[in-house]
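> no sequence on this one, just coordinates:
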């Protein structure tokens, strides 16, 4: 589960739940690759009583250090995690930290006092081992535990530190040098040595390959700084900006300004709004290489004379702030700060501002519009009409139904447990607690802001049948300017995809928003902001 929200937009919830990455060894370094691209790098050291490591997830732009205490029985009694953005300086203070204490059927989590609740207690199963995505050092502990339990296919309870939910990992040994670990609908195939240490492997469904090296390198955990500059020859500039907020933190972003914009010739502008899961200003999606939708929209709008402000989410990338206790309503205030910043720029016409939000961004944009009635328009890309509880009920059940490893009674049991799983997650995350009960239709009925609602016809994260529901709610409130359209054979990312199931995103041959979607959104914005 994502730490902040659900769904790229609502997409990231299902995306991440479909792409669990697992496991690791005793000493050395693991590199997880997808083709020629590095997904993650992890280096670690382990003794009989302790496991320490550092994990860089390149495609998420995050870095984590963990320190675990291992008991004589192979179980974990204590784990300390510290988190950074990948681009943070090596000596920077952690952006977040957490201490997990495992006691029988509970996990007690201590957080810094600045995060609100200082201590939280979560129910789990006795003997549960922690899961950090995508740590392979922890997966080595699963193999050792399976050996202790014995049996043909021992089942091990796993506690996910992100999301605070418990699931089961099934370990199957294949001969003396291989093992298969099945959990959360995926199979991880591992090569192991005589001691049970992982020496390589793969996650076939995601086309991922795991490599192990005896030697670790600190340089391998370095991260490249994202490039947000304008492409060569573009008729607009791309300026790095810092956006202050009334909440006290600063957001980092890029402002694309059409050539010729000035105090004498101010131009219209929009602010983009990312979906669920902490994301960068381009809304780049993990494991879908090259997918940078907001960069696409900024380029097309810049060529049509419209400025675009896109920002890293709170506490992500180069932005400050604390997202751990924030809700969609709090993120709406970040977007309002972006609008306030645009009004200070002499090159921007403050009377011609708009919004473009994807997935959860389609929830946040109307929340912003409630307090910004002068906005000239907003584009909702796969914005939901239903409560978060309804969306999660569908997404999680849909994932189970697509899981070929669960059949019969196991599938029925998993489906029956979805509601309690959602309730448990809601107690653990302030963002999710807000999301579960928030009704987008109630907000839509209060707005007169012109709106364009777009969706993909095969979207299995925010289903296309929500489009007429959302449009009807805007119209019921007396909104005279409501336009909607569903693109056939497009998924939640607005990429041609006959299936639309998130588990297939990594196999798509295309990695950009389809031109007809960009074209329709841009033409609508040009008409409403001119």
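Happy to help now that I have it. The structure presented is a predicted model; accordingly, all values stated were derived computationally and were not measured.
> distance of the residue nearest the centre of the chain from residue 54?
In the chain, the residue lying closest to the centroid (CA atoms, centre = their mean) is residue 277, at 3.0 Å. Distance, residue 277 to residue 54, by CB to CB, to the nearest Å: 22 Å. All C-beta atoms are positioned from the backbone trio N, CA, C, and that covers glycine.
> re earlier: give me the phi and psi for the residue nearest to the centre of the chain.
Backbone torsions of residue 277, given as degrees, to the nearest 10, read phi 80, psi 140.
> Which positions within the longest helix anywhere in the chain qualify as buried?
The longest helix of the chain (DSSP state H) is helix 328-344. Applying a neighbour-count criterion of 16 or more other CB atoms under 10 Å, one finds 328, 330-339, 341-342 buried in helix 328-344.
> for the record, mean pLDDT for it?
Across helix 328-344, the average pLDDT comes to 98.
> any weak-confidence spans in the stretch 1-150 of the chain?
Residues of the stretch 1-150 of the chain that meet the criterion pLDDT under 70 lie in 1-27, 59, 113-117.
> where along it do the strands fall?
For the stretch 1-150 of the chain, the strands defined by DSSP state E, counting those that start in this stretch occupy 27-34, 37-46, 50-57, 62-70, 76-85, 96-103, 106-110, 119-123, 129-131.
> what does the stretch 151-300 of the chain give?
Using DSSP E, counting those that start in this stretch, strands in the stretch 151-300 of the chain cover 155-160, 165-173, 178-183, 186-192, 198-203, 208-213, 236-244, 250-258, 267-273.
> tell me the most buried of those?
strand 267-273 (a mean of 28; mean count of other CB atoms under 10 Å).
> helices or strands next to it in the packing?
Judged by 3 or more CB pairs under 8 Å, 6 or more residues apart in numbering; DSSP states H and E, the packing partners of strand 267-273 are helix 293-302, strand 307-311, helix 328-344, strand 348-358, helix 361-371, helix 515-529.
> Identify the bridge partners of the spatially closest residue to residue 230 that is not a sequence neighbour.
Leaving aside its chain neighbours, residue 230 sits nearest to residue 238 (4.0 Å; criterion: CB to CB, 6 or more residues apart in numbering). Beta-bridge pairing for residue 238 (DSSP bridges): residue 256.
> Compute the number of surrounding residues for residue 325.
Counted with other CB atoms under 10 Å, the neighbours of residue 325 add up to 14.
> confidence score at it?
82.
> For stretch 92-109, measure first residue to last.
Using CA to CA, to the nearest Å, the end-to-end distance of stretch 92-109 comes to 23 Å.
> ugh, typo on my part, it should be stretch 234-254
Separation of the first and last residues of stretch 234-254 by CA to CA is 15 Å.
> what's it in contact with?
228-230, 255-259, 281, 298-299, 302-303, 307, 309-312, 314-315, 317-322, 330, 333-334, 337-338, 341 (CB atoms under 8 Å, 6 or more residues apart in numbering).
> Quick check: residue 253 vs residue 338, distance?
Distance of residue 253 to residue 338, computed by CB to CB: 7 Å.
> what is in contact with those two at once?
243, 309, 311.
> Any idea how many residues pack against the second one?
Residue 309 sits with 27 neighbouring residues when counted by other CB under 10 Å.
> ok, now which ones touch it?
241, 243, 253, 254, 255, 269, 270, 271, 272, 338, 341, 342.
> at 6 Å what do you get?
253, 255, 271, 338, 342 (CB atoms under 6 Å, 6 or more residues apart in numbering).
> If I look at it, what pLDDT would I see?
In this model, residue 309 carries a pLDDT of 98.
> ok, residues contacting stretch 504-519?
Residues outside stretch 504-519 that contact it (CB under 6 Å, 6+ apart) are 206, 207, 287, 288, 289, 290, 291, 293, 296, 300, 494, 495.
> Can you flag the buried ones in those residues?
206, 287, 288, 289, 291, 293, 296, 300, 494, 495.
> From these, which shows the smallest pLDDT?
residue 287 (67).
> now residue 487: how far from residue 474?
Going from residue 487 to residue 474 by CB to CB gives 20 Å.
> And the two? Which one has more around it.
Comparing residue 487 with residue 474 by neighbour count (other CB under 10 Å), the higher total belongs to residue 474, at 27 against 19.
> got the domain boundaries for this structure?
Following automatic domain parsing, the chain resolves into domains at 21-221, 238-387+438-529.
> Would you mind giving those domains as a markdown table with distance to residue 416 added?
Below are the domains of the chain laid out as a markdown table (distance: least, CB to CB, whole Å):
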| stretch | distance to residue 416 |
| --- | --- |
| domain 21-221 | 15 |
| domain 238-387+438-529 | 21 |
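> and those domains, which is most packed in?
Ranked by mean neighbours (mean count of other CB under 10 Å), the domains of the chain are led by domain 238-387+438-529, with a mean of 21.
> okay, how far is it across that one, tip to tip?
End-to-end span of domain 238-387+438-529 (CA to CA): 20 Å.
> Any idea how far it is from the middle of the chain?
Its chain's C-alpha centre and that of domain 238-387+438-529 lie 16 Å apart, by CA atoms, centre = their mean, to the nearest Å.
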